[in-house]
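In: Sharing a model that was predicted from the sequence below.
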Amino acid sequence: MTEELPKTIHELETPCMLVDIDKVKRNCQRMTDRCKEMGVELRPHMKTHKTKEGGELMTNGTKRKVVVSTIDEAIFYADNGFEDIIWGSPIVKERISKRLINLANRLEEFHVMVDSLQGLKGLIATPLKEGKQWSVFLEVDCGYGRTGCLWSKEEAVEIAKTADDAPNVKFQGLYTHCGNSYTPDVEQKNRTQKETSDRLIALKNRLSKNGVDCKVVGCGSTPSCSKPIDNLSTLTEMHPGNYIFNDYNQVVCNSCTFDDVACKIATTVVSHKPEVQTIVVDCGWTAFGLDGPNENWPQAVLGRAPVEGHPELIMDRMTQEVGKMKARNGEIDYSKYPLGSRLYLYPWHSCCTASQHPVYYIHSGDKIVGAWRPTRGW
Ligand SMILES: Cc1ncc(COP(=O)(O)O)c(C=O)c1O
């Protein structure tokens, strides 16, 4: 049964998530071309949208070579015919579930990441079906400080050697996220990229001296892969994800301009509160998520939810179902936002905002051309 969708974005009930298909296609094409020019493989991350359609566009229709953030996503993409999937979250023994073993047995290529001997030993102790090996990446921390074994630690060599020596493990190479490239400071971003790629290559060379070969050396975040320095060409693979939609955070980081932000939330003005100089919209944190710039982002002058065409407005607070907006100069001109009028909010963090929605309405100009339904869960 084909779904009856409204013809234009103006007929949709609010709040809802809009995705501009023309911008999505442009963002995907740019990243594909950039990787080709640099001579590195693109392995896009699916975490931002978690949809079949977005995955097809990001892989240029091949449905091969992706990263996912949860087991649920891995199963969803496998069920939709995708192959060569990395689960991009570190394995510990306790996470080796039946679902994980099934994926490793059923896919031609399914890869996991470890950043500890504990996790690796758990995999070594878990047999797969005959002829199958665990395909393993070492997650490396090159200075971001989230997950990953610190690049300079002796343990990084020990993990890689143990993986390489284990008969039921195929060691693939190195993976790092480079989340510390999220900065508006271009010089700092370039330094981070250089340091990250140099550290990865240094570790690769250390492993090589210890007899361990890295087939893949991958790095990637949207800020680094959107404005890569030449040094990233020394790697084999890039794995950004957010670029499919982009968001205000990427604008602030100089990854893109507002014109490249492909998603926004449509919301309706539901109340005027001149006594406290606010307008109230029907988009609260259930429709937007709570992620927003903090004191580390003084450059984010438009706040967590910039309004398309209205830089004078700022989202002051969000409760469950409403957002309270104020004027940046303190005084609202209510004639500009009549009750019932629509505003379009750009997300600060599109992964977070998208995760609040069971459906994304796909549009070209004002016309609705489809609906994407993401997978949800872990
Ligand atoms: C492990 C990993 N790889 C790749 C990415 C993609 O980075 P970005 O969201 O900046 O595109 C992320 C994002 O959080 C990640 O956690």
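Out: Sure, I can see it.

In: any idea how far stretch 275-293 is from the chain center?
Out: Relative to the centre of its chain, stretch 275-293 is centred 23 Å away, using Cα atoms, centre = their mean, to the nearest Å.

In: same check, this time on stretch 254-272
Out: Centre to centre, stretch against its chain (Cα atoms, centre = their mean), the figure for stretch 254-272 is 18 Å.

In: what about dumping the CA coordinates of that stretch to CSV?
Out: The C-alpha coordinates for stretch 254-272 follow below in CSV (Å, rounded to 0.1, in the frame of the first residue of the first chain):
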residue,chain,number,x,y,z
ASN,A,254,33.2,25.9,8.9
SER,A,255,32.4,22.5,7.5
CYS,A,256,29.6,24.1,5.4
THR,A,257,27.2,27.0,5.1
PHE,A,258,23.5,27.2,6.1
ASP,A,259,22.7,26.5,2.5
ASP,A,260,24.2,23.0,3.0
VAL,A,261,22.1,22.2,6.0
ALA,A,262,19.6,19.7,4.6
CYS,A,263,17.2,19.2,7.5
LYS,A,264,15.1,21.4,9.7
ILE,A,265,12.1,21.2,12.0
ALA,A,266,8.8,22.8,11.0
THR,A,267,7.1,24.3,14.0
THR,A,268,4.0,26.5,14.6
VAL,A,269,3.6,29.6,16.7
VAL,A,270,1.1,28.6,19.3
SER,A,271,1.1,31.4,21.8
HIS,A,272,2.1,35.1,22.2
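
In: pLDDT (mean, whole number) over it?
Out: Per-residue pLDDT over stretch 254-272 has a mean of 98.

In: Next, the buried residues of that stretch.
Out: Buried residues in stretch 254-272, counting neighbours by 16 or more other Cβ atoms under 10 Å, are found at 254-256, 260-270. No exception for glycine: its C-beta is placed from N, CA and C like everyone else's.

In: Next: stretch 331-340.
Out: So for stretch 331-340, counting by 16+ other Cβ under 10 Å, buried means 332, 337.

In: Now do the end-to-end distance for it.
Out: This stretch, stretch 331-340, spans 20 Å end to end (Cα to Cα, to the nearest Å).

In: returning to that earlier point: quick check, nearest of the buried residues of stretch 254-272 to residue 329?
Out: When those are compared for distance to residue 329 (Cβ to Cβ), residue 269 wins out at 18.8 Å.

In: how about the closest one, phi and psi?
Out: Here is the backbone geometry of residue 269 (degrees, to the nearest 10): phi -70, psi 120.

In: Thought residue 307 was touching it, still the case?
Out: No: using Cβ atoms under 8 Å, residue 269 makes no contact with residue 307, being 10.8 Å away.

In: Now for these two: what residues contact both?
Out: Residues touching both residue 269 and residue 307 by Cβ atoms under 8 Å, 6 or more residues apart in numbering: residue 343.

In: Residue 247 reaches residue 354, doesn't it?
Out: No: the criterion here is Cβ under 8 Å, and residue 247 misses it with residue 354 at 9.5 Å.

In: Which one's more surrounded, these two?
Out: Ranked by neighbour count (other Cβ atoms under 10 Å), residue 247 and residue 354 place residue 247 first, with 31 against 26.

In: contacting residues around that one?
Out: By Cβ under 8 Å, 6+ apart, residue 247 lies in contact with 261, 263, 346-350, 353.

In: Narrow these to those in strands?
Out: Counting by DSSP state E, the contacts of residue 247 place residue 263 in strands.

In: who wins for most neighbours among the contacts of residue 247?
Out: Highest count within those by other Cβ under 10 Å belongs to residue 350, 29 neighbours.

In: avg pLDDT for the longest helix seen in the chain?
Out: Using DSSP state H, we find that the single longest helix of the chain is helix 186-209. Averaged across helix 186-209, pLDDT comes to 97.

In: does the ligand sit close to it?
Out: No: Helix 186-209 lies apart from the ligand when judged by Cβ under 6 Å from any ligand atom; the minimum separation is 12.0 Å.

In: can you list the domains in this protein?
Out: Listed domain ranges for the chain are 21-245, 258-372 (source: automatic domain parsing).

In: Could you single out the most deeply buried of those domains?
Out: Neighbour counts (mean count of other Cβ atoms under 10 Å) averaged over each of the domains of the chain peak at domain 21-245, with a mean of 19.

In: contacting residues for residue 40?
Out: 232-233, 235-238.
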